[in-house]
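Enquirer: starting from these lines, generate the structure:
(chains A and B)
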Amino acid sequence: MKTNFKIGRLGEKTSRWRLPLLMLLCSGLMAGQLLAQSLASLGVTVQVARRFKIEVSTPLVSFSRSSSSGQPQTIPANEGSFELTIKTNNDPGSSTNVWLQASSDLLDNSTGYTIPVERISWTAQGNGFYPGHLVKAAPVLVARFNGPGSFTGLLYFFFAEDPSLAPGSYQTTVTILVEGV
Amino acid sequence: MRIRTWCRSQKMIRLFWLWSSILITSSLMLTAGGTPQHWSITISVYPTAITFPPADPDLEPVVAANSSVRVQITTSPPNRRWELLIRAEGNLVSAGGQVISISNISWTAAPQPPFRDGVLAAGQNLVLATGGRGKLTGEVFFSFQNSWSYVAGEYTQIITFTASLL
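Expert: Modelled structure (predicted):
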């Protein structure tokens, strides 16, 4: 009976040690796991440059007077609509202005005859696009946008024909200007 | 006589438990202390900074970083399994306060496995590599989704790599 009792006490002692030992072992393992970790950092920089881009559906717009009715008439461009796209990453609080600037009046190089460039006009479709007519040596506003993005409009060009104009091949160059404000 | 012998053996057992406890405790303290000599993992990243140069979004809709990133993992013991996480600490932010979502940065990595491809997410730990064992060097190629909608500026963020023993 005594022996059994003592063994019982021995068992108690053993269990008293077992718990803290287990705790120590577990905490040791956890500490080991926590320490078994390593960190590293990487700095990332993205550079975005300020850009403006012009895209056009055609580099040439032409008008043909096939027959004269004897009366002034408006002739649409042979190419139909002229698609103009402006892409920019301008600041949200800033505007982007688009201008058309004719370099000169329409000129027939073979005869030297000219037609005022103001006879060319356009209508516009698309948010921010405006109608107007060309002016010699002066830019004309055709579109205005705010902030970054891609903006597309359709321009329909017309030529105000007059029967008094001499037949010939007249041409000029129009420059599209984009300005961030 | 039997009782004396038994008492002696009791003392021996107690002493043994005390000694072994001290031994184990000191061993654990050593492990948990300054130098984890048995379980350790080290990560090194080179370079420590990358840049995505400016580019026309039409010509370069996806911009590659100026350099790939070499990630080296070393473990002790050498055959221990590990896991590597990658976390963007936030979105890309410019000095002017403009923000570009960090999810526009993705990566491809080699070798696969243990490395895997992915897309960054702000403040989220993502698995870059798992199932690796021992020392290994991987290479990560970061890409940036370009767009006209980004306002001009210089955007920055920190990416954290966390290597853990499994």
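Enquirer: what is the rounded mean pLDDT of the lengthiest strand in chain A?
Expert: Under DSSP state E, the strand in chain A containing the largest number of residues is strand A:73-88. Taken as a whole, strand A:73-88 has an average pLDDT of 93.
Enquirer: again, but for stretch A:39-46
Expert: Averaged across stretch A:39-46, the pLDDT comes to 95.
Enquirer: for the residue nearest to residue B:159 when sequence neighbours are not counted, helix, strand, or coil?
Expert: Distances taken as CB to CB, 6 or more residues apart in numbering or on different chains put residue A:42 closest to residue B:159, at 4.3 Å, once the chain neighbours are dropped. All C-beta spots, glycine's among them, are computed from the backbone N, C-alpha and C. Put simply, residue A:42 is strand when judged by DSSP: H, G, I helix; E, B strand; the rest coil.
Enquirer: okay but residue A:42 is in contact with residue B:45, surely?
Expert: Yes: the pair residue A:42 and residue B:45 passes the contact test of CB atoms under 8 Å, sitting 5.7 Å apart.
Enquirer: what about the strands in chain A?
Expert: Listed from the start of the chain, chain A has strands (DSSP E) covering A:37-48, A:52-56, A:73-88, A:95-102, A:106-107, A:114-115, A:120-125, A:132-133, A:140-146, A:149-161, A:174-180.
Enquirer: who wins for proximity to residue B:94 among those?
Expert: Taking CB to CB as the criterion, residue B:94 comes closest to strand A:37-48 out of the strands of chain A, the separation being 8.1 Å.
Enquirer: in that closest one, what counts as buried?
Expert: By neighbour count with 16 or more other CB atoms under 10 Å in any protein chain shown, strand A:37-48 contains the buried residues A:37-38, A:40, A:42, A:44-48.
Enquirer: about what we covered before: adding distance to residue B:87, write the strands of chain A out as CSV.
Expert: What follows is these, written out as CSV (distance: least, CB to CB, whole Å):
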stretch, distance to residue B:87
strand A:37-48, 10
strand A:52-56, 36
strand A:73-88, 34
strand A:95-102, 38
strand A:106-107, 64
strand A:114-115, 67
strand A:120-125, 48
strand A:132-133, 54
strand A:140-146, 36
strand A:149-161, 31
strand A:174-180, 37
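Enquirer: out of those strands, which is closest to residue B:107?
Expert: If you check each of the strands of chain A against residue B:107 by CB to CB, strand A:37-48 wins as the nearest, at 10.7 Å.
Enquirer: in its sheet, which strands sit next to that closest one, and in what direction?
Expert: Neighbouring strands of strand A:37-48 in its sheet, by DSSP bridges, are strand B:49-52 (parallel), strand B:153-165 (antiparallel).
Enquirer: and the pLDDT for residue 4?
Expert: Looking at chain A here, since you left the chain open. If you check residue A:4, the pLDDT there is 43.
Enquirer: chain B was what I was after
Expert: Model confidence at residue B:4, expressed as pLDDT, equals 55.
Enquirer: so residue B:77 versus residue A:113, what's the distance?
Expert: The span separating residue B:77 from residue A:113 equals 93 Å under the rule CB to CB, to the nearest Å.
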